[in-house]
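Enquirer: Quick one, fold the following:
(one chain, ligands or ions: 1)
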Amino acid sequence: MESRRCYWDFGYFPTPRCIDLGRVDIISAGAISQAALFSLARVPGIQMGGYIFDHDRTSLSNFNRNMLTLRGDVDHLKAELCSSRCAQVFDLTPVAARYSSTHQLSGRVLVGVDDIPSRWVIQRNSPGWVGVSGTSHFSVSSSSHRTSEPCSGCLHPIDDATIVGSIPTISYVSFWAGLSLAVRLLREHAGVPYPREKQHLWLTPLRMDLAHSSMWFPVPACPKCPVGCAASRRK
Ligand SMILES: [Zn+2]
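Expert: Residues are numbered from 1 along each chain as shown. All right, here's what the predicted structure looks like:
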């Protein structure tokens, strides 16, 4: 039986010895955000503070993919456990509530929620850079959005159909979504963001040996962008 091999990297970029990311707000304390925090916390010399929003509590079904979660965390608030588990590295203030537009967001926001209308609200209220990762059909969708670029509403202008019941998950798919988000944040901080033709990454970690397992795309401005971003208005 043949065992295939594959190779992947996110592209080299130089990083300073000490990385102070300043304030970064995080929307969701679920699998994708936990994977991003897990990855970022392993960068030497890194510092970061901000708010982490999530109303949800840990359930047994989260254990295959929530990187910061331990067995004793069942029924604990996800935002609080992320804050406490990262306390040695990051100064995260937990907000045990869904994000709402009454909260003032920082100039950099990480979004780990799959719900499309929630992303529109977050994007609309974000004054600066927004990084978004989600999972769909066992693949990863990861993008980042400066204020001058087409926004996450341009990328996903239509709400997906509501899914009822538990969604099947694979641990490493969520992890790659969070890792992609962490890389985008580090690149933005280092001043080497991905070029426009790589604003969106579609990644299928299930078959990284296939040529189409990773696809980079630009995000075109959508004239019907539900966020009404500057790029869509120019269109
Ligand atoms: Zn837009």
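Enquirer: Give me every residue in the chain that's in contact range of the ion.
Expert: Contact residues, the chain versus the ion (Cβ under 5 Å from the ion): Cys151, Gly153, Cys154, Cys225, Val227, Cys229, Ser232. For glycine as for every other residue, the C-beta is placed from the backbone atoms N, C-alpha and C.
Enquirer: Among those, which one lies nearest to Leu206?
Expert: Distance ranking of the residues of the chain next to the ion against Leu206, using Cβ to Cβ, places Cys154 first at 27.4 Å.
Enquirer: Does the most centrally placed residue in the chain have any beta-bridge partners, and if so which?
Expert: By Cα atoms, centre = their mean, the chain has its centre lying nearest to Ser133, at 3.6 Å. Beta-bridge partners for Ser133, by DSSP bridges, are Ser142.
Enquirer: So it sits against Ala31, correct?
Expert: No. Using Cβ atoms under 8 Å, Ser133 is not in contact with Ala31; the gap is 10.1 Å.
Enquirer: what is in contact with the two at once?
Expert: With contacts defined as Cβ atoms under 8 Å, 6 or more residues apart in numbering, the residues shared by Ser133 and Ala31 are Gly112, Ala177, Gly178.
Enquirer: can I get those residues in a markdown table with secondary structure and pLDDT?
Expert: Output for these, formatted as a markdown table (DSSP: H, G, I helix; E, B strand; the rest coil; pLDDT from 0 to 100):
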| residue | secondary structure | pLDDT |
| --- | --- | --- |
| Gly112 | coil | 96 |
| Ala177 | helix | 96 |
| Gly178 | helix | 98 |
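Enquirer: can you tell me which residues contact Leu77?
Expert: Residues near Leu77 by Cβ under 8 Å, 6+ apart: Ala29, Asp54, Asp56, Arg57, Thr58, Pro94, Ala96.
Enquirer: Just send the residues of the chain next to the ion back as TSV, with pLDDT, neighbour count and secondary structure too.
Expert: Below are the residues of the chain next to the ion laid out as TSV (pLDDT from 0 to 100; neighbours: other Cβ atoms under 10 Å; DSSP: H, G, I helix; E, B strand; the rest coil):
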residue	pLDDT	neighbour count	secondary structure
Cys151	98	30	coil
Gly153	97	25	helix
Cys154	98	25	helix
Cys225	98	23	coil
Val227	97	23	coil
Cys229	97	23	coil
Ser232	96	20	helix
